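# Following is a predicted model, sequence given first.
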Amino acid sequence: MKLLTATFLFGSLWLALITGMHGKLNLKWFAIRAPGVSTTEKYKIGFLPVTCHLTCPVTDFINKETTGDGIFEPVRFNGWPELKEAYLSGYTPATFILAPMAIALREQGVPIKIVYLGHRDGSAVMVHKDSKIYRMEDLRGKKVAVPNRYSNQRLLIFRALKQAGMTVKDIELVEMPPPDMPAALYSKAVDAISSGEPFMAQTELDGYGRVLWLTKDVWPNFISCVLAVHEDMIKNDRAAVQKLVDGIASSGKWLDEKMDHRMDAAQFVSKNYYNQHPRLLTFVLSKPPDRVKYTNLALRKADFEEIEELGKDAGIVTGSARFEDYTDVSFVPDESLVKPYVFEGVGKP
Amino acid sequence: MNKSLRGTLLPVLTAFFFLALWHVLVKLSGSDLFPTPLDVAKGIQELFEKGLLLKYIVASLFRVSWGFMLAVVVGVPLGLALGWFRPAYEALNPMIQIMRPISPIAWIPVAILWFGIDDTAPVFLIFLASVFPITVSSMAAVQNMQLVYLRAAQNFGVQGSQLFRRVILPAALPQIITGIRIALGIAWLVVVAAEMIAVNSGLGYLIIDARNAGKRYDLVVAGMVMIGLIGLVLDLLVRQLEKFDEVRWGYGQR
């Protein structure tokens, strides 16, 4: 049959062509590997392009620059559900994840252990600059966006409401992916937004957002994201987990050591990992300098118990898992002994 | 005005009018978030200069080609079989009708859990989106075939595989091809949802990634424009199938 032969021939040729081109352009099939670079499979680690996860790309970049090889392969996700599912499928044995989400997963029987923190602080509540909202009380009856049911930003709102003598019934909470929040605030579809940076700072940079408060002002040492690994990884390769934690600790120290380091990180992370404008990360990491912090990342029981309590109020955890169940503190290095990476960066752009 | 000139001039004028309207509306809104057509053109140029445009187009076409090809290979024979064998139809049709309305977005978690986050998961989602329309149209094509063809052929003693190849398939082809055309449209439509999974290339990924990048709505719209334009080209290509004699034969009956 002429038609069948023609479509079969054209179809096969097209598939061969497009597969070859995809292999060449996107999968680097025909790339010649540089000598000395190891070809062994590295552990994949999930992260989102938010400042809460900044130590992940920083560790990878510094390792590649200094030793020519990363200790793991960072995999960027665009939302929490996909990141969580990739972890559950075993694709990423290690991941940066929301603390309450990790606790809830543990309660549901997922073999996950928190081994280190990702950051401290680094969130905010933003309102439109034209709005008349200046205090928590002004949010009464207003629409407030949070990233995910399991986000610490949601708990943050619960905590702030409690401090103001209000309850969640006094406001209208909506869930929304952080990248959509700036546009929602701009169009006044919501009255206030809260998520990890840099999405909050972006509204400030673009001139229509105003900080209601930064997390450091209402919940000092706030944690939203933690580094969690699969129990099997701990069982089978303790050394790799330790190397990962040490790397994160060293890059955290490096980031907080000098403003120059932060500015340098803003450049290389925006360009190579986040695909955001460097101006944005520069802003978040410097205005004010303690908007987000990367030191003091040890796992403290009291911090997590507070999250557990708030999580119970918010109906996302049951309280059936204790600190000892969902964490493994044995990898946490002594903060005073952690050495920052020796890396003077790639210089100014 | 002669007909062919009108055939090109009219759509070009309409498009120009639409672009002008778009520009004016953005300017009137006073927003600097929403891009004008010129911003979008600059965005496309920027992607081209960075070498990303070709990479992303190839990645999306790769996923759609494989997903769609698998859907044709599975869907057409399955549809023909279901259209021909009544008990098979009765057994499977309800199941197909249940699966058909489920959005590929709903399948994303399942796809990640089954296939991880490399190219397999998006290919699976595109396959799912296009296999049902193809199956259903092939099935209907056989069921709605004019019995006159069948009886005439049987009177001449045509039987078995010959009957299938020489009579049933040609009679059903026009409708199958219409189904395939619609399914290709759907497959291409699903590329944004399919690339929400953590793949790091493709036009759908471009849109999701640009949302992340702060105020880059020019790139979001650039991705939309590229998807639209390529969709148009794909449809023109599939329509070439209708020019084959075997297919014209079926159309000629009307």
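Right, received. Where do you want to start?
# Show me which residues of the stretch 51-200 of chain B are close to chain A?
Counting by CB under 8 Å from any CB of the partner chain, the residues of the stretch 51-200 of chain B lying close to chain A are B:54-55, B:58-59, B:61-62, B:65-66, B:69, B:108-109, B:112-114, B:116-117, B:119, B:165, B:173, B:196-198, B:200. For every residue, glycine as well, the C-beta is placed using N, CA and C.
# Domain map for chain A?
For chain A, the domain assignment from the TED database gives the residue ranges A:43-120+A:222-325, A:123-217.
# now the ones you listed as a markdown table including distance to chain B and mean pLDDT?
Shown next, in a markdown table, are these (distance: least, CB to the nearest CB, whole Å; pLDDT from 0 to 100):
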| stretch | distance to chain B | mean pLDDT |
| --- | --- | --- |
| domain A:43-120+A:222-325 | 4 | 87 |
| domain A:123-217 | 4 | 88 |
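# Take those and lay them out in a markdown table including distance to B:Phe244 and mean neighbour count.
Putting those into a markdown table (distance: least, CB to CB, whole Å; neighbours: other CB atoms under 10 Å in any protein chain shown) gives the following:
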| stretch | distance to B:Phe244 | mean neighbour count |
| --- | --- | --- |
| domain A:43-120+A:222-325 | 43 | 20 |
| domain A:123-217 | 46 | 20 |
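# Select only the buried ones of the residues of the stretch 51-200 of chain B next to chain A in PyMOL?
Written as a PyMOL command, the selection of buried residues from those, which uses 16 or more other CB atoms under 10 Å in any protein chain shown, is:
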select buried, chain B and resi 55+58+59+61+62+65+66+69+108+109+112+116+117+119+173+196+197+198
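# and the gap between the closest residue in space to A:Arg140 that isn't next to it in sequence and A:Asp290?
Residue nearest to A:Arg140 in three dimensions, not counting chain neighbours: A:Asp170, with 5.1 Å by CB to CB, 6 or more residues apart in numbering or on different chains. For A:Asp170, the distance to A:Asp290 equals 30 Å [CB to CB, to the nearest Å].
# How about A:Asp206?
A:Asp206 sits 23 Å away from A:Asp290, taking CB to CB as the criterion.
# What of B:Pro11?
58 Å.
# repeat for B:Glu195
37 Å.
# Then A:Val146?
Note on A:Val146: its distance to A:Asp290, by CB to CB, is 23 Å.
# for A:Pro340, same thing?
Computed with CB to CB, the distance linking A:Pro340 and A:Asp290 is 17 Å.
# One more: A:Thr7?
For A:Thr7, the distance to A:Asp290 equals 64 Å [CB to CB].
# and what of A:Arg238?
Distance from A:Arg238 to A:Asp290, counting by CB to CB: 34 Å.
# try A:Thr66
A:Thr66 is 27 Å from A:Asp290, by CB to CB.
# With A:Gln267 instead?
21 Å.
# Centre of the chain to the host helix or strand of B:Trp107, how far?
For B:Trp107, the element it lies in under DSSP states H and E is helix B:104-115. When C-alpha coordinates are averaged (CA atoms, centre = their mean, to the nearest Å), helix B:104-115 and its chain have centres 20 Å apart.
# Restricting to C-alpha, output it in PDB.
This file holds the C-alpha atoms of helix B:104-115, laid out as PDB (Å, rounded to 0.1, in the frame of the first residue of the first chain):
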ATOM      1  CA  PRO B 104      -2.800  13.900  31.600                       C
ATOM      2  CA  ILE B 105      -2.100  16.300  34.400                       C
ATOM      3  CA  ALA B 106      -3.800  13.900  36.800                       C
ATOM      4  CA  TRP B 107      -1.400  11.200  35.600                       C
ATOM      5  CA  ILE B 108       1.700  13.200  36.500                       C
ATOM      6  CA  PRO B 109       2.200  11.700  40.000                       C
ATOM      7  CA  VAL B 110       1.700   8.200  38.700                       C
ATOM      8  CA  ALA B 111       4.100   8.800  35.700                       C
ATOM      9  CA  ILE B 112       6.800  10.100  38.100                       C
ATOM     10  CA  LEU B 113       6.400   7.100  40.400                       C
ATOM     11  CA  TRP B 114       6.500   4.600  37.500                       C
ATOM     12  CA  PHE B 115       9.100   6.200  35.300                       C
END
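# Could you tell me the average pLDDT over it, please?
Regarding helix B:104-115, the rounded mean pLDDT is 86.
# what helices or strands is the helix or strand following it leaning on?
Using DSSP H and E, the helix or strand that directly follows helix B:104-115 along the chain is helix B:120-143. Using 3 or more CB pairs under 8 Å, 6 or more residues apart in numbering or on different chains; DSSP states H and E as the contact definition, the elements that helix B:120-143 packs against are helix B:52-84, helix B:86-99, helix B:104-115, helix B:169-189, helix B:191-194.
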